[in-house]
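Enquirer: Starting from these lines, generate the structure:
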Amino acid sequence: MTQALKLSQLIGSLSYALDITEGQPEGHCVRSCWIGMHIGRAIGLSPQELWDLYYTILLKDLGCSSNAARICELYLTDDRDFKQDFKRVGASLPQMLGFVFANTGTHAAGWRQRAASILNVLRRGKEMADELINTRCHRGADIARQLRFNENVARGIQYLDEHWDGSGRPLGLSGQAIPLNARIALLSQVIDVFNVTHGRHAALDEAVSRGGGWFDPELVAAFRGAARDDGFWRQLESDDIEQAVLDLEPAQFTVPLDEDYMDEIAEGFGQVVDSKSPFTAGHSHRVGHYADRIGMELGLDPQRRRWLKRGALLHDVGKLGVSNTILDKPGKLTPEEWEAVKRHAAYTETILARIESFAELARVAGAHHERLDGTGYPRGLVADQIALETRIITVADIFDAIHAARPYHPENPVPVTLDIMRQSLGSALDPRCFAALEGVLREEDALESDLICLT
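Expert: I've put the predicted structure just below:
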């Protein structure tokens, strides 16, 4: 199933998950890669350097979910709208002030709270921005290393927000001290944002106007050369841009995408998902663990269990498209907020389905909120339409959601969690999968007791 799949296909498809958590139109990372690779070629990068650049840009937003909750807390605003607008802000004081007033306190309880929030940003804005970007950049670089990418890629991600003139973050590096991949990635993403929102001429003007400030002037000159080719823009704006970007990967540096590496990539993107909210830290990992163990109890063969665990690790990838103002809300959701939450399941299926060989996995993972009685979402499937693997993921997911602390409830002990779940047997939860979970929990509790005795 995985032998024909290339690393570029998998990472390129998963990059769409990073687009939605940044509030960007789908394909942002892919389009940025098209732009950056043309700049890299124009300045004469070697095939190895181009390969490093290719993955730096596709993965540039790996750490983007790690500061989402903090943005909502500090700015009292929607994290996705905040990030989307921030990518269009320049360095001038009027632009920054306009951004602050437009994006601070939009979810405040009243005008007094909003005014206090704006005043706090005006006083502590630099400190707050330093914290957010530092968290984002370091987390992204760490995950890139976990995914076996080299230091050129990791450092390109880590220093994405540094500026040529030293006005950037997290370290205020300037000039040649900024890794080349970071310089190209920053320029490329700004070009894509302005091309999508204002057109190619505005994108070119923005790149030129920030040359010597945010951007390396030589890279801006290289982009201007590429921008003279109308074919560059036509392909950038075409429906088959993803395939065009796949074709840009230097073939001589193809990385074997074996089963172990597939597992690591699923784990890595599971971490991206779990970083979105402090209440979901470790959730994807735990769901993956319990799904695997339930599968073992039910007699699934090792290869199928491995496949199942990847689906469990990625089941909530669609939550990257839901604002933390909703995910972390302690009170009851409004009907509109609940509809926004429900869309995450469809997002999961859409993102995973971009990978042709993941078609079945996409359906299985995206259906984890379906119920046996047909009242679930997103499709309202009934029992005989819900795969066994989906039922397993659902049981593992519900167990962890009830057992772990969430904004709307404290942590529940395991016996209480199981009692709550029993009320949904046959209507939402598969009794056979639930019984297998109970067996797993009994076994793990016995193992923990044995370890305690030994110590």
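Enquirer: Going by C-alpha atoms from here, please, whenever you check contacts or count neighbours.
Expert: Will do.
Enquirer: The lengthiest helix in the chain: how far from the chain's middle?
Expert: Across the chain, the helix with the greatest residue count (assigned by DSSP state H) is helix 111-146. Relative to its parent chain, helix 111-146 has a centroid offset of 18 Å by CA atoms, centre = their mean, to the nearest Å.
Enquirer: could you give me the average pLDDT of it?
Expert: The pLDDT scores in helix 111-146 average 91.
Enquirer: just stretch 14-30 next, same as before
Expert: 93.
Enquirer: Buried residues, it. List them.
Expert: 14-24, 27-30 (16 or more other CA atoms under 10 Å).
Enquirer: Mind listing residues that contact that stretch?
Expert: Counting by CA atoms under 8 Å, 6 or more residues apart in numbering, the neighbours of stretch 14-30 from elsewhere in the structure are 12, 57-62, 64-65, 80-81, 83-84, 189, 192-193, 241-242, 245, 317-318, 320-322, 351-352.
Enquirer: how about stretch 309-316 as CSV, C-alpha atoms only?
Expert: As requested, the backbone C-alpha atoms of stretch 309-316 are provided in CSV (Å, rounded to 0.1, in the frame of the first residue of the first chain):
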residue,chain,number,x,y,z
LYS,A,309,-2.9,3.2,14.5
ARG,A,310,-1.9,5.7,11.8
GLY,A,311,-5.6,6.5,11.3
ALA,A,312,-6.0,7.0,15.0
LEU,A,313,-3.0,9.3,15.3
LEU,A,314,-4.4,11.4,12.4
HIS,A,315,-8.1,11.2,13.3
ASP,A,316,-8.3,14.8,14.6
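Enquirer: Tell me which residues are up against it.
Expert: Counting contacts by CA under 8 Å, 6+ apart, the residues outside stretch 309-316 that touch it are 263, 266-267, 269-270, 273, 284-285, 287-289, 291-292, 344-345, 348, 361-362, 364-366, 368, 393.
Enquirer: any idea which of the buried residues of stretch 14-30 is closest to residue 161?
Expert: Of all the buried residues of stretch 14-30, residue 22 has the smallest distance to residue 161: 14.5 Å, by CA to CA.
Enquirer: Can you give me the buried ones in stretch 283-303?
Expert: Using 16+ other CA under 10 Å as the burial criterion, the residues of stretch 283-303 that qualify are 283-296, 298, 300.
Enquirer: What of stretch 121-135?
Expert: By neighbour count with 16+ other CA under 10 Å, stretch 121-135 contains the buried residues 121, 125, 128-129, 132-135.
Enquirer: re earlier: tell me the helix or strand right after the longest helix of the chain.
Expert: On the C-terminal side of helix 111-146, the closest following helix or strand by DSSP states H and E is helix 151-158.
Enquirer: name the helices or strands packed onto the helix or strand following that next one?
Expert: The first helix or strand that comes after helix 151-158 along the chain, using DSSP H and E, is helix 180-198. In this structure, helix 180-198 packs against helix 28-42, helix 47-58, helix 151-158, helix 200-209, with contacts taken as 3 or more CA pairs under 8 Å, 6 or more residues apart in numbering; DSSP states H and E.
Enquirer: Mind exporting the C-alpha coordinates of the following helix or strand past the last one to PDB?
Expert: Scanning forward in sequence from helix 200-209 by DSSP H and E, the next helix or strand is helix 217-227. As requested, C-alpha coordinates have been extracted for helix 217-227 and formatted as PDB (Å, rounded to 0.1, in the frame of the first residue of the first chain):
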ATOM      1  CA  PRO A 217      17.700  42.100  -1.800                       C
ATOM      2  CA  GLU A 218      19.400  39.400  -3.900                       C
ATOM      3  CA  LEU A 219      16.500  37.000  -3.400                       C
ATOM      4  CA  VAL A 220      14.100  39.700  -4.300                       C
ATOM      5  CA  ALA A 221      16.000  40.300  -7.500                       C
ATOM      6  CA  ALA A 222      16.000  36.600  -8.300                       C
ATOM      7  CA  PHE A 223      12.200  36.600  -7.800                       C
ATOM      8  CA  ARG A 224      11.800  39.500 -10.100                       C
ATOM      9  CA  GLY A 225      13.500  37.500 -12.800                       C
ATOM     10  CA  ALA A 226      11.200  34.500 -12.300                       C
ATOM     11  CA  ALA A 227       8.200  36.800 -12.200                       C
END
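Enquirer: all helices of the stretch 251-400 of the chain, in order?
Expert: Using DSSP state H, counting those that start in this stretch, the helices assigned to the stretch 251-400 of the chain run over residues 259-274, 283-297, 302-313, 324-327, 335-353, 359-366, 388-403.
Enquirer: can you count the residues close to the residue nearest to residue 179 when sequence neighbours are not counted?
Expert: For residue 179, ignoring the flanking residues on the chain, the nearest one in space by CA to CA, 6 or more residues apart in numbering is residue 156 at 6.0 Å. By other CA atoms under 10 Å, the residues close to residue 156 number 29.
Enquirer: Make 54 the starting number, not 1.
Expert: Sure, I'll start numbering at 54, so the last one becomes residue 209.
Enquirer: ok now do residue 209, which residues does it touch?
Expert: Here residue 209 is in contact with 106, 109, 113, 232-236, 238 (CA under 8 Å, 6+ apart).
Enquirer: And for residue 466?
Expert: Contacts for residue 466 were tallied using CA under 8 Å, 6+ apart; they are residue 456.
Enquirer: Relative to residue 453, how far out is it?
Expert: Here residue 466 is placed at a distance of 11 Å from residue 453 (CA to CA, to the nearest Å).
Enquirer: and if you look at residue 136?
Expert: Taking CA to CA as the measure, residue 136 falls 30 Å from residue 453.
Enquirer: Where does the prediction get shaky in this protein?
Expert: Counting by pLDDT under 70, the ranges of the chain that qualify are 54-57, 499-508.
Enquirer: tell me the domain boundaries of it?
Expert: According to the TED database, the chain comprises the domains 60-121+185-301, 312-507.
Enquirer: Nearest to residue 170, out of those?
Expert: Nearest to residue 170, of these and by CA to CA, is domain 312-507 at 15.5 Å.
Enquirer: Distance from the chain centre to the closest one, please.
Expert: Using CA atoms, centre = their mean, we find the averaged C-alpha position of domain 312-507 to lie 17 Å away from the chain's own average C-alpha position.
Enquirer: what's the angle from the longest helix of the chain to helix 100-111?
Expert: Here helix 164-199 runs at an angle of 150 degrees relative to helix 100-111 (axes from the mean of the first three to the mean of the last three CA atoms, to 10 degrees).
Enquirer: what's the angle from helix 164-199 to helix 312-327?
Expert: Computed by the same axes, to 10 degrees, the angle between helix 164-199 and helix 312-327 is 170 degrees.
Enquirer: Tell me which other helices or strands helix 164-199 touches.
Expert: Contact partners of helix 164-199 among helices and strands, from 3+ CA pairs under 8 Å, 6+ apart: helix 121-128, helix 146-156, helix 204-211, helix 312-327.
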